[in-house]
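Novice: I would like to see how this sequence folds:
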Amino acid sequence: MTALEFIITLLLNLLPIVILIIPLFFIWKKTVGKLYFRIVLGILVFFVIYWVLPIIFQTGQAVDVLIVPPAEVGNVGYGIAFIFARFGTLITTFFSYPIITLPFIFFVAPFISFLISWNKVRKEEGTLDIKLKELSYEISESPIERTKRELLRNSWKREKEILKLMIVILPISLYLLQVILEISNLQNESITTGETTLGWFLEILFVYLATFILSIELLSSSQVALRGRFFGEKIKEHTFRSLYTIGVPMSIFSIILFIIQYQESVVIIIYFFAYFMMASIIFILFLDIFEPVSIFIFVKLINWWKKRKVKKVDYSNFYYMVIFGALAIVTYLLLNLILTNIGYYSFFGKPGSIEEGLIYEAGEFTKNNPSLYHTLQYDLVIIYGILVTDIASTIILTIFLVYGLKFVRSLGVGIITFIPFIIGISLVLGGSTNYWLTGKTSVTQIFGFDFYTLRTASLTVNVPDFLNVLAAPYLNTRYIFNVLIWGYIIFFFKKSFKSKNIPVGEEFIEKIIYSTISDFISFDAYIEIDASYLITKDKDISTKDIEKEREEIKEILKNLESHKLLIELKPEDEKEKRRFYFTLRYLYQNKFIKIWRPELSYLFEKAEIQGLYIIYDDGRGVYNYSFRSDFIQDPGLVSGMFSAITSFVKEMTKSTETLKKIDHGDITILIEYGKRIFGALFIKGTQSSEVRAPLKEFVQNFEERYQDILKDWTGALTHFNSDENNKLVEDTFKQD
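Specialist: Below is the predicted model of the structure:
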């Protein structure tokens with residue numbers, strides 16, 4: 001091969017990757033650009049592990065010759081078609097992760113988080129009803145809004161932490177799995193020669209490990225709290241620390257055992273480790289995209305637990321889900337029938353035919369020197385299979401699920417009603433796949449010279465019964481959970497969230513989180529006595545538009561300068577009530593108002609915020625802010641007091657735990673820590689997550705803003721005495 005042929009070979013193999021990267025230069029700064037970057041990065045990692053890494057492991061072995069008829073030699077179009085077909089296989093196989101695999105993780109994890117929370121609350125002192133009343137969480141924006149914020153923030157701190165943890169626990173898991181395979185008399189064999197049960201199960205092992213780690217992460221990111229204490233953060237800290245402490249030495253020990261016991265299989269173990277790394281990287285790349293939905297599902301479960309004895313289940317219009325479920329099945333079966341008869345049979349031959357046999361034979365790893373034509377056909381078969389089974393079924397079911405949810409009053413009832421129809425299709429799609437894909441080094445004369453590349457090849461797996469049992473939870477539910485996750489994402493895609501604090505008696509406040517409705521409310525929902533919809537004036541309407549309207553409309557919009565509940569606006573007279581419904585609909589349809597439906601709610605005790613102090617870790621005062629004019633304390637005195645108290649508590653108790661709260665009569669001092677500073681918030685009343693969460697947020701934002709100054713702080717206060725900090729306090733601690 002000449003130098004020119006080598007360069008052309010390299011460029012042709014990388015051509016699809018280059019085309020994929022080009023759009024990044026035009027959309028990088030936008031939200032969609034950040035999302036596209038993660039997808040491209042995932043595809044690149046996938047490409048390296050699935051297609052490039054096998055070249056290293058197959059060095060020195062015979063290369064497959066992809067046979068081309070003499071008349072086709074030099075057919076550049078044919079060669080380009082082969083390259084893009086192979087890359088199409090890569091793309092569709094990659095997208096099976098965010099469409100099928102990852103949704104399982106992000107749907108199951110919230111339920112595990114809920115069980116952990118249930119166990120934590122159960123062990124605390126007090127009656128269950130009181131403890132549930134004091135259970136809270138933090139959610140103030142829709143899943144999509146949170147995803148956008150996280151993508152633009154572009155921070156990889158959590159992702160790095162999770163990736164390190166996955167790396168730590170992999171060798172232990174892999175070694176234990178290999179021991180199990182030995183006990184079952186299924187030895188691991190070379191990736192170049194045959195069966196590899198370990199490789200097949202590795203993806204499922206990754207799914208289970210990632211689900212557990214995410215369930216712990218959700219406890220922290222949701223800021224679930226009991227009596228104002230974020231117990232989720234403590235559980236995460238203890239769990240991750242324990243996994244690191246125990247996992248690192250055990251992982252090193254497992255690697256040593258691997259080297260000693262399986263010297264002949266070191267190469268295959270390295271490949272599996274790389275495969276697991278690939279799956280883990282794809283997982284963390286999509287963390288910020290899927291996690292907000294997981295958080296929402298988790299807090300929905302918490303909210304259901306808190307309200308289960310109070311809130312009645314509304315079964316109104318559930319039959320819509322039955323209708324749409326039946327339509328989804330009929331649509332999918334018809335589409336599948338048409339695509340199978342017109343598409344599959346036309347291109348690949350009927351099942352059992354000689355043509356189909358040649359195609360599948362060309363895709364086997366053990367097949368030597370298949371034809372380029374049948375190799376290309378095998379790529380198209382894989383693309384077709386993933387598009388028709390995984391992607392088409394997900395799209396169809398998700399569309400009908402989302403459309404049906406618009407008509408039901410309870411999302412839970414709607415989803416439960418729809419699940420049997422998802423199961424119906426998943427029975428057709430589910431079950432075990434007895435192969436996994438990789439690349440095999442090949443050469444062809446399609447471009448008129450020796451063009452070296454990789455062909456898509458499948459490895460057959462012999463799966464023992466006990467591994468089938470271990471894999472069953474994932475294999476039999478992945479086509480159910482992926483529809484539910486994507487249904488949630490699409491359903492809430494255009495919705496905004498808003499919270500409102502409503503006084504309940506003299507001591508408590510109910511915080512209600514609302515979401516915008518996509519269709520105007522029905523008359524039955526409107527006339528309900530306890531209709532708790534929130535009505536707000538649309539911010540985008542102009543004064544000119546209002547001036548054109550009649551006086552009644554102007555009066556209503558003026559009244560909506562402050563947010564109003566529907567029950568506050570609704571007339572008592574029955575005739576007027578009916579007329580006002582149509583007036584409200586007119587306002588909604590003309591985009592004068594927004595209507596919000598309650599999604600979540602919880603109670604917390606009122607607390608009066610008095611003063612905020614930011615203190616350096618050595619006890620020096622950094623910044624202070626008084627919320628009341630009569631609350632004036634000497635910052636130096638307060639800083640010195642905290643330094644003395646924290647030192648005394650650590651010395652006397654010998655505890656590694658940090659001091660988080662000080663009670664003194666009717667005054668409570670809440671403390672939150674950063675890396676170099678901590679914040680102390682003086683409140684009058686009982687602590688709750690509603691005051692602790694803003695304190696934590698302010699400490700993080702303040703330290704991030706002044707991280708360079710705080711790194712080597714000289715004691716000068718001029719950096720911090722600014723109106724920007726005062727505004728940051730007001731924005732962070734503002735009441736809804």
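
Novice: remind me which residues of the stretch 551-700 of the chain are low pLDDT?
Specialist: 630-636, 643, 647-657 (pLDDT under 70).

Novice: can you rerun that using 90?
Specialist: 551-565, 567-575, 590-591, 599, 601-611, 613, 615-676, 678-680, 682-694, 697 (pLDDT under 90).

Novice: residue ranges of the strands in it, please?
Specialist: Listed in chain order, the strands of the stretch 551-700 of the chain (DSSP state E, counting those that start in this stretch) span 564-565, 593-605, 607-616, 621-626, 661-664, 667-673, 677-685.

Novice: I'd like those strands written out as TSV, with mean neighbour count and distance to R692 added.
Specialist: Bear in mind the C-beta positions are built from the backbone N, C-alpha and C, glycine included. Formatted as TSV, the strands of the stretch 551-700 of the chain follow (neighbours: other C-beta atoms under 10 Å; distance: least, C-beta to C-beta, whole Å):
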stretch	mean neighbour count	distance to R692
strand 564-565	18	28
strand 593-605	20	10
strand 607-616	21	10
strand 621-626	20	17
strand 661-664	12	9
strand 667-673	19	5
strand 677-685	21	8
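
Novice: F347: which of the ones you listed is closest?
Specialist: strand 593-605 (47.2 Å; C-beta to C-beta).

Novice: For that closest one, which strands pair with it and how are they oriented?
Specialist: The strands beside strand 593-605 in its sheet (DSSP bridges) come out as strand 508-516 (antiparallel), strand 534-537 (antiparallel).

Novice: ok and that strand relative to strand 677-685, angle-wise?
Specialist: Calculated by axes from the mean of the first three to the mean of the last three C-alpha atoms, to 10 degrees, strand 593-605 forms an angle of 90 degrees with strand 677-685.

Novice: send the alpha carbons of strand 593-605 over as PDB?
Specialist: Below are the C-alpha coordinates for strand 593-605, written out as PDB (Å, rounded to 0.1, in the frame of the first residue of the first chain):
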ATOM      1  CA  ILE A 593     -53.400  34.200  30.400                       C
ATOM      2  CA  LYS A 594     -51.600  31.000  31.400                       C
ATOM      3  CA  ILE A 595     -53.400  28.300  33.400                       C
ATOM      4  CA  TRP A 596     -51.300  26.100  35.800                       C
ATOM      5  CA  ARG A 597     -52.300  22.700  37.200                       C
ATOM      6  CA  PRO A 598     -51.000  21.600  40.600                       C
ATOM      7  CA  GLU A 599     -48.400  18.800  40.300                       C
ATOM      8  CA  LEU A 600     -46.800  18.600  43.700                       C
ATOM      9  CA  SER A 601     -47.200  20.100  47.200                       C
ATOM     10  CA  TYR A 602     -45.900  19.900  50.700                       C
ATOM     11  CA  LEU A 603     -46.200  21.800  54.000                       C
ATOM     12  CA  PHE A 604     -43.500  23.500  56.000                       C
ATOM     13  CA  GLU A 605     -43.400  25.700  59.100                       C
END
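
Novice: what's the offset of that strand from the middle of its chain?
Specialist: Computed by C-alpha atoms, centre = their mean, to the nearest Å, the chain-centroid distance of strand 593-605 equals 24 Å.

Novice: No more questions from me, cheers.
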